[in-house]
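Q: next one to model:
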Amino acid sequence: MAARIMDGKGSAAEIRSELASSVKAHLAAGYSSPCLAAILVGEDAASQVYVRNKQRACEQVGIDSQLHRLADTTSQDELLRLVNDLNHNKQVHGILIQLPLPDQIDATQVLDAVSPLKDVDAFHPANVGLLSQGRPRFLPCTPHGVQQLLHRCEVSIAGKHAVVVGRSDIVGKPMAMLLAARNSTCGPEVANATVTVCHSRTADLAEVTRQADLLIAAIGRPQAITPDMVKPGAVVVDVGINRTADGLVGDVDFAGVREVAAQITPVPGGVGPLTVAMLLFNTLTAAQQQAGNSTH
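A: Have a look, this model is predicted:
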């Protein structure tokens, strides 16, 4: 029997509905509208689509958004000045730097310049440190979105073996931390896993992935996870988005793995919509924290 499709679009719509109610309550309490400021440097087509989607999502839940477009010739100093201005703007609660940045700009230095209180992507070293200690200010958007999807698809991972393929700072490493944590925003059943992190130097990757009750692919290689690498009945979450001649595909061979797994995410329509939803969640959280009204 083919695996059940995990509906990221539907789960993201649920979360946006919940956020819209929370934003209304925030405004009814007399606080200003949460506001997300996005910075887009250059003309990267994919980045423009992502930013547009984020603006539309903000509008759907009642969050204000700003877009600061800069030329691809923008200097690092010019960008840092804008970040500093937004850090000190009390009407702005969250700051998003759309990646990638042009070659003349040091992305790490720019991301580090964002105030930790407005770092809604949870990239700042201070926020990564808090996450590692189990007391996060913000949760990284994609890993948090995966946890929300597991919860809403009634997947329990407590005591199970989770394998994360990929060790990036954006997905792989924080995903492993969230899965191994004692609790989550959705309760302990989507945490408390025994976690293995695989990467480019892992010996016999297939041997490790076949042990996974939950397999999360985040390596940026089209259809790298094949059916023979998956334990029958496993839950497979595909974080990859790869542009190929045949269109968008994930890191998982969807058609093949679907015949082996119990549940699987599609690409597109799986994890992607949840990443955006959790960015909105963090923006509201930032506004609540800055107003001294945090419920998280």
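Q: number of residues surrounding Leu149?
A: A count of neighbours around Leu149, defined by other CB atoms under 10 Å, yields 27. (Each C-beta comes from the backbone N, C-alpha and C, glycine too.)
Q: so what's it up against?
A: 6, 8, 11, 237, 265, 270-271, 274 (CB atoms under 8 Å, 6 or more residues apart in numbering).
Q: swap the cut-off to 7 Å and go again
A: Taking CB atoms under 7 Å, 6 or more residues apart in numbering, we find Leu149 in contact with 6, 8, 11, 271, 274.
Q: how far away is the third one from Pro140?
A: Distance of Ser11 to Pro140, computed by CB to CB, to the nearest Å: 17 Å.
Q: looking at those two, which is more packed in?
A: Between Ser11 and Pro140, Pro140 has the larger neighbour count (other CB under 10 Å), namely 26 against 22.
Q: which residues does the more buried one contact?
A: 122, 170, 174.
Q: how close does the residue nearest the centre of the chain get to Thr108?
A: The centre of the chain sits closest to Thr142, judged by CA atoms, centre = their mean, with a distance of 1.6 Å. With distances taken as CB to CB, Thr142 is found 19 Å from Thr108.
Q: can you get me a residue count around the closest residue to Gly134 other than its chain neighbours?
A: The shortest distance from Gly134 to any non-neighbouring residue, by CB to CB, 6 or more residues apart in numbering, is to Ala181 (5.9 Å). Counted by other CB under 10 Å, the residues lying close to Ala181 total 19.
Q: Ala181 and Thr196, how far apart?
A: Using CB to CB, Ala181 is found at 16 Å from Thr196.
Q: in a helix, Leu284, correct?
A: Yes: Leu284: assigned to a helix according to DSSP: H, G, I helix; E, B strand; the rest coil.
Q: my guess is it contacts Ser21. True?
A: No: using CB atoms under 7 Å as the test, Leu284 is too far from Ser21 to be in contact (10.8 Å).
Q: any weak-confidence spans in the protein?
A: Where the chain drops to pLDDT under 70, the residues are 293-296.
Q: tell me the domain boundaries of it?
A: 31-115, 141-271 (automatic domain parsing).
Q: just those: most buried one?
A: Highest mean neighbour count among those (mean count of other CB atoms under 10 Å): domain 141-271, with a mean of 20.
Q: and of the domains of the chain, who's closest to Gln290?
A: Smallest distance to Gln290 across the domains of the chain (CB to CB): 5.7 Å, for domain 31-115.
Q: just how off-centre is that closest one within its chain?
A: Taking CA atoms, centre = their mean, to the nearest Å, one finds the center of domain 31-115 at 16 Å from the center of the full chain.
Q: how about stretch 148-165?
A: For stretch 148-165, the separation from the chain centroid amounts to 16 Å (computed by CA atoms, centre = their mean).
Q: can you give me the end-to-end span of it?
A: Distance between the two ends of stretch 148-165: 19 Å, counting by CA to CA, to the nearest Å.
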